[in-house]
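[1] fold the stuff below for me.
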Amino acid sequence: MGGMLHPTAKEILVGRITGLNSAISITEYMLTFGMKNIEIPEYYTSPGTEYYIGFGTGYEQGQKLRSLLKKDVSSEMSLSQKIKCLSFLLKKQETCRLVLSTQSFLDNTKYWKELEISKTIIDEIQNLLKENKIQRAVYKMLIYLKERFYLEALMEFYEVYLNLENARSRKKNNKEYEIGLELEKIKIEVQNWINKK
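    Predicted coordinates for the structure are as follows:
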């Protein structure tokens, strides 16, 4: 298990997503919801000042990101879909193994709704699946989507990755767990996913 984030850093992440998803200023937000909406983890015993500062800072950052998305004309996506995709990206930055740079995705919003999988990648993934290298096939697809800024597809395909991680976690915690059936399902999901795209 990784270390815990400093309270200010943790709440900047939370505030950024909240600000991105909110059409009102931080002042209006605080007047409407007060500090009760800012959750302080149970393990944190201080009054919470660092959390409130971090939340406010993150909220302002989220509002700036929202403004950028509103002004963006390179993508055909609706503002709400752009916000949904960027919220996913920001949330994954906290925990995902993939390095997901906000700025590089913001610079490439025109690709967020796109999806074109090259024949080479399809062949490579199918070969990995034939060899039962399911984890490598899933990672290859995730990286491919990330590198091309296909954020909407990445968001959808991430569910397949989560299924794999959950199965692996169950196997790790319970040596008796039969992972084979789960891996077969994931293999079919990956195959169906690349076939329909």
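
[2] where does the residue lying farthest from the centre of the chain fall, phi/psi-wise?
    Most distant residue from the mean C-alpha position of the chain: E176, 31.3 Å away (Cα atoms, centre = their mean). E176 adopts backbone torsions of phi -80, psi -20, taken as degrees, to the nearest 10.

[3] and if you look at D107?
    Per degrees, to the nearest 10, the backbone of D107 is at phi -70, psi -10.

[4] quick one: it and D72, what's the gap?
    10 Å (Cβ to Cβ, to the nearest Å). Heads up, the C-betas are built off the backbone N, CA and C, glycines and all.

[5] next: F55.
    Distance of F55 to D72, given as Cβ to Cβ: 26 Å.

[6] out of those two, which sits in the busier spot?
    F55 (30 against 15; other Cβ atoms under 10 Å).

[7] wait, what's in contact with that one?
    E11, I12, V14, G15, T18, I38 (Cβ atoms under 8 Å, 6 or more residues apart in numbering).

[8] check what pLDDT the spatially closest residue to it that is not a sequence neighbour gets.
    Once flanking residues are discounted, F55 sits nearest to G15: 3.9 Å by Cβ to Cβ, 6 or more residues apart in numbering. G15 is assigned 91 on the pLDDT scale.

[9] Q63: neighbour count?
    21.

[10] same question for K196.
    K196: 6 neighbours (other Cβ under 10 Å).

[11] distance check, K175 against L115.
    For K175, the distance to L115 - Cβ to Cβ - is 39 Å.

[12] closest to N163 among the contacts of F55?
    Checking those against N163 with Cβ to Cβ, the nearest one is V14 at 26.1 Å.

[13] can you give me the distance of the closest one to G34?
    For V14 relative to G34 (Cβ to Cβ), the value is 16 Å.

[14] the more surrounded of the two?
    Ranked by neighbour count (other Cβ under 10 Å), V14 and G34 place V14 first, with 20 against 9.

[15] that one touches G58, doesn't it?
    Yes - under the criterion of Cβ atoms under 8 Å, V14 makes contact with G58 at 6.3 Å.

[16] now the helices for the chain?
    7-20, 26-33, 49-71, 79-95, 102-106, 119-130, 134-147, 151-173, 180-196 (DSSP state H).

[17] point out where the protein drops to low pLDDT.
    Applying pLDDT under 70 to the chain flags residues 1-5, 7, 41-48, 96-100, 197.

[18] so how do I select the buried members of the contacts of F55 in PyMOL?
    Of these, the buried ones go into a single PyMOL selection, burial set by 16 or more other Cβ atoms under 10 Å:
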select buried, resi 11+12+14+15+18+38
